[in-house]
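>>> what follows is a predicted structure for the sequence shown.
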Amino acid sequence: MITHCPSCHTHFRVRAEQLAVRAGQVRCGKCNRIFDALEYLSEDLAAARQLSTEPAAERVAGVAADAAPAYAANRAGELQEPATAADADADAMHAAAATPGSAAPDDAPAELDFGPMAAAGPGKRARRWPWVLGALLLLLVLLAQAAYQYRSAVMVLFPQAKPYAAALCAKLGCELPLPQRIELISIEASDLQADTSNPAIMVLSATLKNRAIFDQQLPMLELTLTDAQDQPVVRRVLAAQDYIGKAVNLQAGFAANSEIAIKVFIEGSQVKATGYRLYLFYP
């Protein structure tokens, strides 16, 4: 039997057991077109060539109906390989066409591929936009979390956004704390002396400086009184309201490039101290 490719009109010799492998579905060895060999089936080469030139409607009405019984037989496995001389010659021509480098007559059929074949139509491409959209949403969530966690540093980098961030925090019930860069705050001068009017009272005087170019939160002070061997005798932690006073607006913080002079009165009648240490820190 002979079939032909509807795309390049190349003719092929086929056997029933070959067509039964893929229910007639084959791939053209010349143009790689996948087609139904049963639809374009004929008994001889001349008839196949005439068939390939007929309109599609006539071919379907005529040949496809004749090929249907042969197809059923092929699927059932009832056809046996012919043993005639003509079929032997056809097999020889098929083998010659399938052997690389071998010569074949002008009318020798080309080779068909009866192996595994991909789908005839183009594969359905996976949709990527849901993954892209999901990745963008995750990125936005990550950026929002980072902006919330480091909102104080963000306000330092973008001070013009501070009013908007403060309004947003007011709606969300969060706070917008000032930066805490303790390495940019220093003690410029300090002194601890007994009060001239009351020797039982010690007076701590100090000057603090914010060397940052942005406002900062007021730090806490740690005052440690020491003895003659520089060993701690008593330690006291001073919050901002302890050394500035409650009347001052603590929310305003420590202004950029500014100094604060502080004075703290400490009861020291029961303390036998000869020295002191003063540190700045954030809790």
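Thanks, I have it. Numbers count the residues shown, from 1 in each chain.

>>> show me where the stretch 151-283 of the chain has strands.
Taking DSSP state E, counting those that start in this stretch to define them, one finds strands in the stretch 151-283 of the chain at 185-194, 201-210, 220-226, 232-238, 258-267, 275-281.

>>> can you list the buried residues in the fourth one?
Applying a neighbour-count criterion of 16 or more other Cβ atoms under 10 Å, the buried positions in strand 232-238 are L238. (Glycine included, C-beta is placed from N, CA and C.)

>>> check which helices and strands that strand sits against.
strand 220-226 (3 or more Cβ pairs under 8 Å, 6 or more residues apart in numbering; DSSP states H and E).

>>> orientation of the strand it packs on relative to strand 275-281 in degrees?
Relative orientation of strand 220-226 versus strand 275-281 (axes from the mean of the first three to the mean of the last three Cα atoms, to 10 degrees): 160 degrees.

>>> direction included, what does strand 220-226 pair up with?
strand 232-238 (antiparallel), strand 275-281 (antiparallel) (DSSP bridges).

>>> now distance to S269 and mean pLDDT too, for those strands, in JSON lines please.
Shown next, in JSON lines, are those (distance: least, Cβ to Cβ, whole Å; pLDDT from 0 to 100):
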{"stretch": "strand 232-238", "distance to S269": "12", "mean pLDDT": "92"}
{"stretch": "strand 275-281", "distance to S269": "16", "mean pLDDT": "94"}
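
>>> can I get the ones you listed in a markdown table with distance to N198?
Converted to a markdown table, the strands paired with strand 220-226 look like this (distance: least, Cβ to Cβ, whole Å):
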| stretch | distance to N198 |
| --- | --- |
| strand 232-238 | 18 |
| strand 275-281 | 18 |
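
>>> for those strands, which one sits closest to V26?
Nearest of the strands paired with strand 220-226 to V26, taken as Cβ to Cβ: strand 275-281 at 83.7 Å.

>>> and that closest one, how far from the chain's centre?
50 Å (Cα atoms, centre = their mean, to the nearest Å).

>>> same deal with stretch 10-20?
With Cα atoms, centre = their mean, you get 50 Å for stretch 10-20.

>>> P219: neighbour count?
23 (other Cβ atoms under 10 Å).

>>> how many other residues sit next to the closest residue in space to L238 that isn't next to it in sequence?
For L238, ignoring the flanking residues on the chain, the nearest one in space by Cβ to Cβ, 6 or more residues apart in numbering is L221 at 4.2 Å. The number of residues packed near L221 is 23, by other Cβ under 10 Å.

>>> nearest to Q25, of the strands of the stretch 151-283 of the chain?
Of all the strands of the stretch 151-283 of the chain, strand 275-281 comes closest under Cβ to Cβ, at 80.8 Å.

>>> name the residues of that closest one that are buried.
Y276, L280.

>>> my guess is L176 meets A153, correct?
No - counting by Cβ atoms under 8 Å, L176 does not reach A153; the two are 11.8 Å apart.
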